[in-house]
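[1] Structure for the following, please:
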Amino acid sequence: MLPKILKNFNAFVDGRGNKGRIDEISLPKLSIKPVGAIVGGIAIATTLVVTNWESVKSFFMTIWEPIKPVWKAFSN
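    Numbers count the residues shown, from 1 in each chain. Model (predicted):
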């Protein structure tokens, strides 16, 4: 974990060249909100489903086949 205040280090911009010595800098508070975590999780899940659609489709078709006759019996 980083300290709240960093002291006496060199600054670089874009990974090139020393831009000078920094005596002290206060870091901003970084936190993730629960809503952000939920949205991020949904985005990851959606990406996984879309990229693996054929596997997901065959999995649910395998589950659906035994249910289909029962569904048709109740829906008619």
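[2] The top helix by length along the chain packs against which elements?
    Using DSSP state H to define each element, the chain has its longest helix at helix 53-75. Helices and strands touching helix 53-75, by 3 or more Cβ pairs under 8 Å, 6 or more residues apart in numbering; DSSP states H and E: there are none. Yep, even glycine has a C-beta here, placed from its N, CA and C like the rest.
[3] What lies in contact with that helix?
    Among residues not part of helix 53-75, those counted as contacts by Cβ atoms under 8 Å, 6 or more residues apart in numbering are V49.
[4] Just the CA trace of that helix, in PDB.
    Coordinates of each C-alpha in helix 53-75 appear next as PDB, following Å, rounded to 0.1, in the frame of the first residue of the first chain:
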ATOM      1  CA  TRP A  53     -21.400 -17.500 -27.500                       C
ATOM      2  CA  GLU A  54     -21.300 -20.900 -29.200                       C
ATOM      3  CA  SER A  55     -20.300 -22.700 -26.000                       C
ATOM      4  CA  VAL A  56     -22.900 -20.800 -24.000                       C
ATOM      5  CA  LYS A  57     -25.600 -21.500 -26.500                       C
ATOM      6  CA  SER A  58     -24.800 -25.300 -26.600                       C
ATOM      7  CA  PHE A  59     -24.800 -25.400 -22.800                       C
ATOM      8  CA  PHE A  60     -28.200 -23.900 -22.500                       C
ATOM      9  CA  MET A  61     -29.600 -25.900 -25.400                       C
ATOM     10  CA  THR A  62     -28.500 -29.100 -23.500                       C
ATOM     11  CA  ILE A  63     -30.300 -27.900 -20.400                       C
ATOM     12  CA  TRP A  64     -33.400 -26.800 -22.400                       C
ATOM     13  CA  GLU A  65     -34.000 -30.100 -24.300                       C
ATOM     14  CA  PRO A  66     -35.300 -32.100 -21.400                       C
ATOM     15  CA  ILE A  67     -37.500 -29.100 -20.200                       C
ATOM     16  CA  LYS A  68     -39.000 -28.500 -23.700                       C
ATOM     17  CA  PRO A  69     -41.700 -31.300 -23.600                       C
ATOM     18  CA  VAL A  70     -42.900 -30.200 -20.200                       C
ATOM     19  CA  TRP A  71     -43.000 -26.600 -21.300                       C
ATOM     20  CA  LYS A  72     -45.100 -27.500 -24.300                       C
ATOM     21  CA  ALA A  73     -47.500 -29.600 -22.200                       C
ATOM     22  CA  PHE A  74     -48.200 -26.700 -19.900                       C
ATOM     23  CA  SER A  75     -48.300 -24.000 -22.600                       C
END
